[in-house]
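**Student:** here's a sequence, model it:
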Amino acid sequence: MAIDKLRAATIGAKKNFKSEIVEFNGVKFEIRQPSVSARSELTKQCTGSDGQINMFKFLVWLVIELTYEPNTDNKVFTAEDYDTLVGQPTGGFVDAFSEVAASLVNVDMEDKKKTSSPIPKTN
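**Tutor:** Got it, this is the predicted structure:
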């Protein structure tokens with residue numbers, strides 16, 4: 001009976017994905033929390049042959065994959081936007097969106113500054 005309660009409280013519970021609305025230049029964007037599987041795929045995509053995660057590439061891909069038109073399933077960016085996004089000035093919308101996205105994927109931004117790999121938070 002106890003195992004049923006434990007399972008109901010975890011894998012049987014409703015999935016509650018978080019999101020945050022970010023405003024840039026008077027326009028609202030929604031940054032959404034991914035699944036564990038989606039985070040894993042993004043991490044693999046940004047891991048080099050040396051086994052290290054390219055943090056800057058990872059952050060840009062977070063923006064591409066997690067930015068939506070609010071209250072819709074319409075992604076704002078596509079893979080084809082990667083080169084345009086990496087060409088944006090630092091401190092702009094890419095950095096603002098990636099900071100929110102990093103918090104939603106459970107990446108500690110302070111640890112990011114110390115290493116090239118994102119460190120999942122353990123709470």
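
**Student:** next, the contact list for T67, please.
**Tutor:** Contact analysis of T67 by CB atoms under 8 Å, 6 or more residues apart in numbering lists F29, E30, I31, K75, V76, F77, F97, A101. Any C-beta I mention is one placed from the backbone N, CA and C, and that applies to glycine too.

**Student:** can you give me the neighbour number for the nearest residue to it once chain neighbours are set aside?
**Tutor:** Distances taken as CB to CB, 6 or more residues apart in numbering place V76 nearest to T67, at 4.6 Å, with adjacent residues excluded. Neighbouring residues of V76 were enumerated by other CB atoms under 10 Å; the total is 18.

**Student:** helix, strand or coil for P70?
**Tutor:** For P70, the secondary-structure state derived from DSSP: H, G, I helix; E, B strand; the rest coil is coil.

**Student:** next, count neighbours for the residue nearest to it when sequence neighbours are not counted.
**Tutor:** The spatially closest residue to P70, leaving aside those adjacent along the chain, is E30, at 4.2 Å (CB to CB, 6+ apart). Residues contacting E30 under the criterion other CB under 10 Å number 18.
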